[in-house]
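A.B. asks: what would the 3D arrangement of this be:
(chains A and B)
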Amino acid sequence: MGVMKRLTGIVQAKANKVMDRVEDPRETLDLSYEKQLEQLQQVKRGVADVATARKRIELQAQQLQQSAAKLQGQARQALAQNREDLAREALSRRAGISTQLDQLKTQHDGLVQQEQRLIATTQSLQARVEAFRTQKETLKASYTAAQAQTRIGEAVSGISESMTDTGLAMQRAQDKIAQMQARAGAVDELMASGTLTDLTGSTDPLQAELDRTSAQSQIELELAQMKGALAPPATTEALGSASPATDALDAAQTDQQDTADADEHDVADAETVDTPSGAASAPTSVPAAGGAALPADDLFSLGSEGGQS
Amino acid sequence: MIVRILEGGQFEVPDSEIGALEELDAQLAATIERNDGEGFSAALAKLAEKVRTTGTALDPTTIVSSDLTVPHDGASLEEVRHLLASEDAADA
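C.D. replies: As a prediction, the model looks like this:
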C-alpha cells in the first residue's frame, strides 16, 4: 500500500480514538468543540515555547560573540607582549567558538521555521474553530433530520483529523525544543567546565598569564628606569647581562640615558624592547580591526580574522 | 479527491490526477524500502508539489476528512518511518 493511504489510515485512527467514547452525536459535537478550544490554547503556548527557545539561542550566541571578541583582544595583547603561544591559544579557542556558533545557527534556523509554521497553524485553527462552532449549532438544531447524524459524523471526523494534524505538528515542535535545550545545556556545561571559558570570569588562566606578563614587563621597565637614574653606565651594563629580558629593557633605558653605552647592545635586543611600549600599534600579523567591529546583524558568525567563518 | 499535506492544509485534487499521484507515491514508498534518505526527500518534494499544482487549496474553515495524506514538507525518512510505525498502535 502507498504511503499516502497508510498515513491517512494512521491519522484517522488517531482521530477516532479521541472521539469514540461518546454516544450522542450532539455531545460529540460539543466535546469536539471543547477539545478544539483546548488545542488552540496549546498551540498558542507552543508558539510561545518555541519563541522562548529561540531567544535563549540568540542570547547564547551573543555571549559567545562577546567571548570571541575578548579572545581576539587577548590574542593581540599576547602578541604585543611577544607571547605567540598565548596568542595561539586565544585564537584556537576563538575557532572553537566559531564551531559552536555554526551549530547554534542550525538550531536557530530550525526553530524559526517551527515558529512560523506554528503561527500559521494557529491562524488556520482559529478560523476552523470559529467555523465549527457555527456548524455544530446548525447541525444540533437539525438533529431530528435523518441525514444529520451522518453529517455530524463527517464534521467530527474532519475536525478530528485536522486536530490530529495539529497535534503532530506540536509534537514536532516540542521535539525541536527538546533538542535545542539539550544543545544549549551542553554549551552551558562547556562554559562551566572552562572548555569554552567564560572569559568574563576572573579565573581565566589565559588572562591571568597575560596580566602576569604585563605586570612583569612593567616591573622590569621601572627597575630599568631606576637603575638608569641611579647607577653609572658601567654597573648598568653588568646587571643587564644577567638575563636577556632585563638586558633588552636596559637597552631602551640606556638608549635614552647614554647613547654611547647603547651601542654595545645588539639590534635584536633593541627590537624586543620596542614591543611593550609599542603595544598601541598592532603587529602586522594581527589585522587592526578589533572584535568590537563584528557585524551586529549576524549573531552566528565571527569576523574573518582568526575564525573559521 | 481530498488530499491533506500534514501541516500544509487540504487540497481538492481532480480524479484525473490520482494516477500520477499514486505513481509518485509508489516512488516514495520505494525510497523508504531501500532506506534512501536523499531519494526520499526528492520524491516527497515532487509528490507535495504535484498536490499543490494540480489541486485547489481548501479554505481552512471547510471541515472534511481526507482520502489521502502526504507527510509534512521537509519530513525526513526517519520521521515518516516513525509515523508509519505507529500504524499498529493506532489500529489497536
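A.B. asks: what's the helix or strand for B:A43?
C.D. replies: When secondary structure is defined by DSSP states H and E, B:A43 falls within helix B:37-54.
A.B. asks: list the buried residues for that helix?
C.D. replies: Buried residues in helix B:37-54, counted by 16 or more other C-beta atoms under 10 Å in any protein chain shown: B:39-40, B:43-44, B:47-48, B:50-52, B:54. Where you see a C-beta, it was placed from the backbone N, CA and C, and this is true even at glycine.
A.B. asks: ditto for stretch B:61-77
C.D. replies: Neighbour-count burial for stretch B:61-77 flags B:63-66, B:68-73, B:75, B:77 (criterion: 16+ other C-beta under 10 Å).
A.B. asks: hmm, back to that, export the helix holding B:A43 to PDB, keeping only CA atoms.
C.D. replies: The C-alpha trace of helix B:37-54 is given here as PDB (Å, rounded to 0.1, in the frame of the first residue of the first chain):
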ATOM      1  CA  GLY B  37      17.100   9.300   2.600                       C
ATOM      2  CA  GLU B  38      18.100  11.700  -0.200                       C
ATOM      3  CA  GLY B  39      15.800   9.900  -2.700                       C
ATOM      4  CA  PHE B  40      13.000  10.100  -0.100                       C
ATOM      5  CA  SER B  41      13.400  13.900   0.300                       C
ATOM      6  CA  ALA B  42      13.300  14.400  -3.500                       C
ATOM      7  CA  ALA B  43      10.300  12.100  -4.000                       C
ATOM      8  CA  LEU B  44       8.400  13.800  -1.200                       C
ATOM      9  CA  ALA B  45       9.000  17.200  -2.600                       C
ATOM     10  CA  LYS B  46       7.800  16.100  -6.000                       C
ATOM     11  CA  LEU B  47       4.700  14.500  -4.600                       C
ATOM     12  CA  ALA B  48       3.800  17.600  -2.500                       C
ATOM     13  CA  GLU B  49       4.300  19.800  -5.500                       C
ATOM     14  CA  LYS B  50       2.100  17.700  -7.600                       C
ATOM     15  CA  VAL B  51      -0.700  18.000  -5.000                       C
ATOM     16  CA  ARG B  52      -0.200  21.800  -4.800                       C
ATOM     17  CA  THR B  53      -0.100  22.400  -8.500                       C
ATOM     18  CA  THR B  54      -2.900  20.100  -9.600                       C
END
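A.B. asks: who are the packing partners of that helix?
C.D. replies: Contact analysis of helix B:37-54 by 3 or more C-beta pairs under 8 Å, 6 or more residues apart in numbering or on different chains; DSSP states H and E lists strand B:2-5, helix B:18-33, strand B:68-70, helix B:77-85 as its packing neighbours.
A.B. asks: related to what we said a few turns ago, and the buried residues of helix B:37-54 as CSV, adding distance to B:Q27?
C.D. replies: Output for the buried residues of helix B:37-54, formatted as CSV (distance: C-beta to C-beta, whole Å):
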residue, distance to B:Q27
B:G39, 8
B:F40, 10
B:A43, 5
B:L44, 10
B:L47, 8
B:A48, 13
B:K50, 11
B:V51, 14
B:R52, 17
B:T54, 16
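A.B. asks: quick revisit: least reliable of the helices and strands packed on helix B:37-54 by average pLDDT, please.
C.D. replies: For these, the weakest mean pLDDT is recorded on helix B:77-85, namely a mean of 90.
A.B. asks: what residues does it touch?
C.D. replies: A:3, A:6-7, A:10, A:168, A:172, B:31-32, B:35-37, B:40-41, B:44, B:71 (C-beta atoms under 8 Å, 6 or more residues apart in numbering or on different chains).
A.B. asks: same deal with stretch A:8-16?
C.D. replies: A:157, A:160-161, A:163-165, A:167-168, B:4, B:6, B:65-69, B:83-84, B:86-87, B:90-91.
A.B. asks: what does stretch B:66-73 give?
C.D. replies: A:3-5, A:7-8, A:11, A:161, A:168-169, A:172, B:1-8, B:10, B:21, B:44-45, B:47-48, B:51, B:79-80, B:83.
A.B. asks: any idea how far apart the tips of it sit?
C.D. replies: The first and final residues of stretch B:66-73 sit 17 Å from each other (C-alpha to C-alpha, to the nearest Å).
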